[in-house]
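Engineer: got a structure for you, letters missing:
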């Protein structure tokens, strides 16, 4: 019975770890030769900021899935781990010749983390009220 439990845990943690490793690899690799488009959707914010928002929202969702329901503070833990990981990556980028530390990137990470946390919080509230459409047990 023990091996099944560890397999289930790996199935929950594995995607977050794999995504985190991939995110790190992309973050320290040389940027594309032509660079990214200067503006993203709606022409308001650069494409790289949109990528940070989406990337860290996804990371937060995966971390939340990995830690839920092992702790009652799963949402705060997921956000804190995603933010900490983003800070570590930005610090590492400060030492990579083709990259640099960016407060704007950290800000975009926080936006993504906050959006994911808001979605998760809303889902959790619906789940507590029995309005989850039968999704109350993800296993």
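Structural biologist: On my side now, so go ahead. Predicted model, so just to flag it, every value in this text is computed and none were measured.
Engineer: C-alpha only now, for contacts and for neighbours.
Structural biologist: Will do.
Engineer: quick one: pLDDT of residue 135?
Structural biologist: Among the per-residue scores, residue 135 holds a pLDDT of 56.
Engineer: same thing with residue 1?
Structural biologist: For residue 1, the predicted pLDDT is 46.
Engineer: The residue nearest to the spatial centre of the chain sits in which helix or strand?
Structural biologist: Averaging the C-alpha coordinates of the chain gives a centre point, and the residue nearest to it by C-alpha atoms, centre = their mean is residue 59 (1.8 Å). Per DSSP states H and E: residue 59 is located in helix 47-67.
Engineer: quick one: low-confidence parts of the protein?
Structural biologist: Low-confidence segments of the chain (pLDDT under 70): 1-3, 35-37, 40-42, 131-139.
Engineer: do that again at 50, thanks
Structural biologist: Flagging of the chain using pLDDT under 50 yields the residue ranges 1, 139.
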